[in-house]
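Asker: need coordinates for the below:
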Amino acid sequence: PTGRIGVATVTAGPGVTNTVTAIKNAQMAESPVLLIGGAAASLQKGRGALQDIDQLSLFKTLCKACVSVRAVRDIVPTLRKAIATAQSGTPGPVFVELPIDVLYPFHVVEKEIGGTKSARGLRGKMVQW
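Answerer: Predicted structure coming up:
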């Protein structure tokens, strides 16, 4: 053991699912790995958004911890805790999900999920909110 952690950052959906074999290998080899995966916007979870799957459930049995970050202020503390978890006790992989609306400014996310300038209907109101 080198005391170092491996880090991989991948896009949502297929980017995340393509890491399953590597994460299983890291688990079996007791290698500390931090997998950071993108995710659909929080408002679109479970609503058929592009590349939206239940990524946390996919890694629940493969990782020491699986967490989805909910706010920008939680990114650094979550990553620090994930790294500590991966390296503590029996080393192993951890998964941190970063939804697009946590990573990018609102106007970028609004355009990505089809928001409009006028808040028509429930969706428009939710996007503006």
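Asker: average pLDDT for the helix or strand containing residue 27, rounded please.
Answerer: Assigned by DSSP states H and E, residue 27 belongs to helix 20-28. Averaging the model's pLDDT scores along helix 20-28 yields 97.
Asker: got it, and stretch 97-116?
Answerer: The average pLDDT for stretch 97-116 rounds to 70.
Asker: does residue 96 belong to a helix, a strand or coil?
Answerer: strand (DSSP: H, G, I helix; E, B strand; the rest coil).
Asker: which residues does it contact?
Answerer: Each residue near residue 96 by C-beta atoms under 8 Å, 6 or more residues apart in numbering is listed here: 34-37, 67-69, 78-79, 82. Glycine gets a C-beta too; all of them are placed from N, C-alpha and C.
Asker: what's the closest of these to residue 8?
Answerer: residue 35 (5.3 Å; C-beta to C-beta).
Asker: isn't that closest one right next to residue 8, touching?
Answerer: Yes: using C-beta atoms under 8 Å, residue 35 is in contact with residue 8, at 5.3 Å.
Asker: those two - which one has more neighbours?
Answerer: For residue 35 versus residue 8, the count of surrounding residues by other C-beta atoms under 10 Å is larger for residue 35: 26 against 16.
Asker: for that one, which non-adjacent residue is spatially closest?
Answerer: residue 95 (4.8 Å; C-beta to C-beta, 6 or more residues apart in numbering).
Asker: same question, residue 5
Answerer: residue 32 (4.3 Å).
Asker: how close does that neighbour get to residue 83?
Answerer: 8 Å (C-beta to C-beta, to the nearest Å).
Asker: now do residue 104
Answerer: In terms of C-beta to C-beta, residue 104 sits 23 Å off from residue 83.
Asker: ok, longest helix in this structure?
Answerer: Taking DSSP state H as the criterion, the chain has its longest helix at helix 75-87.
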